[in-house]
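[1] With the sequence up front, the predicted model follows.
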Amino acid sequence: MAKKTIVVKQIASPIRRPAVQRSTLIGLGLNKVNRTRELEDTPAIRGMVKSIPHLVQIIEERG
């Protein structure tokens, strides 16, 4: 059975944001605007995305 994944895109810069938000972006594997990553759809990843909705966007849900 294939694992569910989501494609996450960084839509804003972490400049002048709290360090915890910058760390969350790095934890998602993002560090520059318009970069995308395909990540496993887990509650932890969903929570990270939900904590910084102004910096990232879910582009696609697969699986």
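    All right, it came through fine.
[2] these two touch, right, Ile58 and Thr5?
    No: contact criterion CB atoms under 8 Å: Ile58 and Thr5 do not qualify, at 10.8 Å. Where C-beta positions appear, they are placed from N, C-alpha and C, glycine not excepted.
[3] For the protein, which segments are assigned as strands?
    Shown for the chain, the strands assigned by DSSP state E span residues 5-10, 36-40, 56-62.
[4] which stretch among those strands comes nearest Lys50?
    strand 56-62 (9.6 Å; CB to CB).
[5] And the helices in the protein, which stretches?
    19-27, 43-51 (DSSP state H).
[6] Any chance of those helices in TSV with distance to Gly63 as columns?
    Output for these, formatted as TSV (distance: least, CB to CB, whole Å):
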stretch	distance to Gly63
helix 19-27	22
helix 43-51	13
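[7] Quick one: closest of those to Lys9.
    Of all these, helix 43-51 comes closest under CB to CB, at 10.6 Å.
[8] With just CA atoms, put the closest one into CSV.
    Provided in CSV are the C-alpha atoms of helix 43-51 (Å, rounded to 0.1, in the frame of the first residue of the first chain):
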residue,chain,number,x,y,z
PRO,A,43,-0.1,14.3,12.1
ALA,A,44,3.3,15.8,12.9
ILE,A,45,3.8,17.2,9.4
ARG,A,46,0.2,18.5,9.3
GLY,A,47,0.7,20.2,12.7
MET,A,48,3.9,21.9,11.4
VAL,A,49,2.1,23.1,8.3
LYS,A,50,-0.8,24.3,10.4
SER,A,51,1.5,26.3,12.7
